[in-house]
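Asker: the amino acid sequence is not available; the structure is as follows:
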């Protein structure tokens, strides 16, 4: 795209959360004009976007009208009005990644079918339309405990997911079209972010290991490079490449995996956008995930994914008893630790387990980075001036 080095290029980003904000921070380096579509005028990306358009990403007219304002449309979340994106595409607006791929990924049932068709390892599953169908399957012994239920559409950051271990969890079963997966005996959770441009060039970032807050099902800590075998790392990377090639996708694809107790690597799910598992790349990799996403959707040569330094990333989550105007504790003490990089997203209101920022710790030694990150986790608390 010849207009890459001029602000005449208008990049439209659907939704203005922290991912959109960090994407704009990279796009600004290339003098790209960035437009944001978001209902919240105070969204994190709104403070640095060239243009903020008020609108709902699920509303056809809002998405369609927004797409007509820009040269290229991308997005920072999956839950978007697909019909609007497809209409824009037929009318010549460049939408990347392809909305047909997003339509598949939006639906966890279609996503699992895709893995099955392409012999991509994933946990076994069944598809149900209602809660009553799940209860009937249990009563008829067609579904056994433990299992994990995921709503087919709309879930994120642990929402729309229920872990059902026994009959005592009946009340936790969600109502709505869903998939039910056999519960995997998880040893580790890892992720690979891969990118592909229109020329078919592919680059993968180093495998990361994720440590989850089990109560909220949100990543608490991310370690790069992961502490898995080189063979496991190679297998996960090959699978990520296989997925993005089979999809013929242009853009950035985050692939999350389980490693079970037998060492088998299984795909959990994918996201066609920058991802929480790639935030550390801003400091620790030659090309950040945000720059790589821009390179891919603009069909530019992909950047190096060489690791500069081992890194540990921790999410800054709102404390459980806090809901209101945000108050950060421990920032000064944390910044006194060498290698600590703090990113605050600009959200004015904190809520329990809301992602308010992240911290990346880089060091020449992964063990030292882990130790420092654990100290930072104890130091920084995301509280509120008003407790809930």
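Answerer: Sure thing, it's come through. As the structure is a prediction and not an experimental result, all values here were calculated from the model.

Asker: do a quick rundown of the strands in the stretch 1-150 of the chain.
Answerer: 10-14, 33-38, 51-54, 72-75, 94-95, 125-128, 147-151 (DSSP state E, counting those that start in this stretch).

Asker: turn those into a markdown table, columns for distance to residue 341 and mean pLDDT.
Answerer: For glycine as for every other residue, the C-beta is placed from the backbone atoms N, C-alpha and C. Compiled in a markdown table, the strands of the stretch 1-150 of the chain are given as follows (distance: least, Cβ to Cβ, whole Å; pLDDT from 0 to 100):
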| stretch | distance to residue 341 | mean pLDDT |
| --- | --- | --- |
| strand 10-14 | 23 | 97 |
| strand 33-38 | 23 | 97 |
| strand 51-54 | 27 | 97 |
| strand 72-75 | 25 | 98 |
| strand 94-95 | 33 | 98 |
| strand 125-128 | 39 | 96 |
| strand 147-151 | 33 | 95 |
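
Asker: so which of these comes closest to residue 203?
Answerer: Proximity to residue 203 (Cβ to Cβ) singles out strand 72-75 among the strands of the stretch 1-150 of the chain, at 17.8 Å.

Asker: packing partners of the strand or helix carrying residue 361?
Answerer: Here residue 361 sits within strand 355-362, counting by DSSP states H and E. Other elements packing on strand 355-362 under the criterion 3 or more Cβ pairs under 8 Å, 6 or more residues apart in numbering; DSSP states H and E are helix 281-284, strand 311-317, strand 340-344, helix 366-379.

Asker: just name the most buried of those.
Answerer: Among the helices and strands packed on strand 355-362, the stretch with the highest mean neighbour count (mean count of other Cβ atoms under 10 Å) is strand 311-317, at a mean of 25.

Asker: show me what that one is in contact with.
Answerer: Residues from elsewhere that reach strand 311-317, judged by Cβ atoms under 8 Å, 6 or more residues apart in numbering: 213, 216, 218-224, 276, 279-280, 283-284, 328, 344, 353-363, 366, 369-370, 372-373, 376-377, 380, 382.

Asker: where do the helices sit along the stretch 101-250 of the chain?
Answerer: 108-117, 131-139, 230-247 (DSSP state H, counting those that start in this stretch).

Asker: OK, contacts around the residue of the chain positioned farthest from its centre?
Answerer: The centre of the chain is farthest from one residue, residue 140, which by Cα atoms, centre = their mean lies 36.9 Å away. Counting by Cβ under 8 Å, 6+ apart, residue 140 makes contact with nothing.

Asker: want to throw the helices and strands packed on strand 355-362 into a markdown table with mean pLDDT and distance to residue 118?
Answerer: Listed next are the helices and strands packed on strand 355-362 as a markdown table, based on pLDDT from 0 to 100; distance: least, Cβ to Cβ, whole Å:
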| stretch | mean pLDDT | distance to residue 118 |
| --- | --- | --- |
| helix 281-284 | 98 | 27 |
| strand 311-317 | 97 | 31 |
| strand 340-344 | 98 | 36 |
| helix 366-379 | 97 | 34 |
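
Asker: between those, which one is nearest to residue 332?
Answerer: Smallest distance to residue 332 across the helices and strands packed on strand 355-362 (Cβ to Cβ): 9.2 Å, for helix 366-379.

Asker: quick one: that closest one to strand 355-362, angle?
Answerer: 150 degrees (axes from the mean of the first three to the mean of the last three Cα atoms, to 10 degrees).

Asker: next helix or strand past helix 366-379?
Answerer: Downstream of helix 366-379 (by DSSP H and E), the next one is strand 381-384.

Asker: ends of stretch 210-225, how far apart?
Answerer: Distance between the two ends of stretch 210-225: 11 Å, counting by Cα to Cα, to the nearest Å.

Asker: bridging residues for residue 72?
Answerer: On the basis of DSSP bridges, residue 72 is bridged to residue 11, residue 94.

Asker: sorry, wrong one. I was asking about residue 253.
Answerer: Note on residue 253: beta-bridge partners residue 194, judged by DSSP bridges.

Asker: thought it was touching residue 194?
Answerer: Yes - here residue 253 reaches residue 194: they are 5.4 Å apart, a contact under Cβ atoms under 8 Å.

Asker: how far is stretch 129-136 from where the chain is centred?
Answerer: In terms of Cα atoms, centre = their mean, to the nearest Å, the centre of stretch 129-136 is found 29 Å from the chain centre.

Asker: please point out which parts of that stretch sit buried.
Answerer: Within stretch 129-136, the residues that count as buried by 16 or more other Cβ atoms under 10 Å are 133, 134.

Asker: and stretch 349-361, by the same measure?
Answerer: For stretch 349-361, a neighbour-count test (16+ other Cβ under 10 Å) marks 350, 351, 353, 354, 355, 356, 357, 358, 359, 360, 361 as buried.

Asker: out of the residues you listed, give me the two with the largest separation.
Answerer: It's 351 and 361 that sit farthest apart of those, by Cβ to Cβ, at 25.4 Å.

Asker: any weak-confidence spans in the chain?
Answerer: Residues of the chain that meet the criterion pLDDT under 70 lie in 1-7, 156-158, 215, 387-388.

Asker: ok, now with 50
Answerer: Residue ranges of the chain with pLDDT under 50: 1-2, 388.

Asker: quick one, domains of it?
Answerer: 2-95, 124-182, 186-384 (automatic domain parsing).

Asker: next, format those as a markdown table and append distance to residue 113.
Answerer: Shown next, in a markdown table, are those (distance: least, Cβ to Cβ, whole Å):
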| stretch | distance to residue 113 |
| --- | --- |
| domain 2-95 | 17 |
| domain 124-182 | 9 |
| domain 186-384 | 13 |
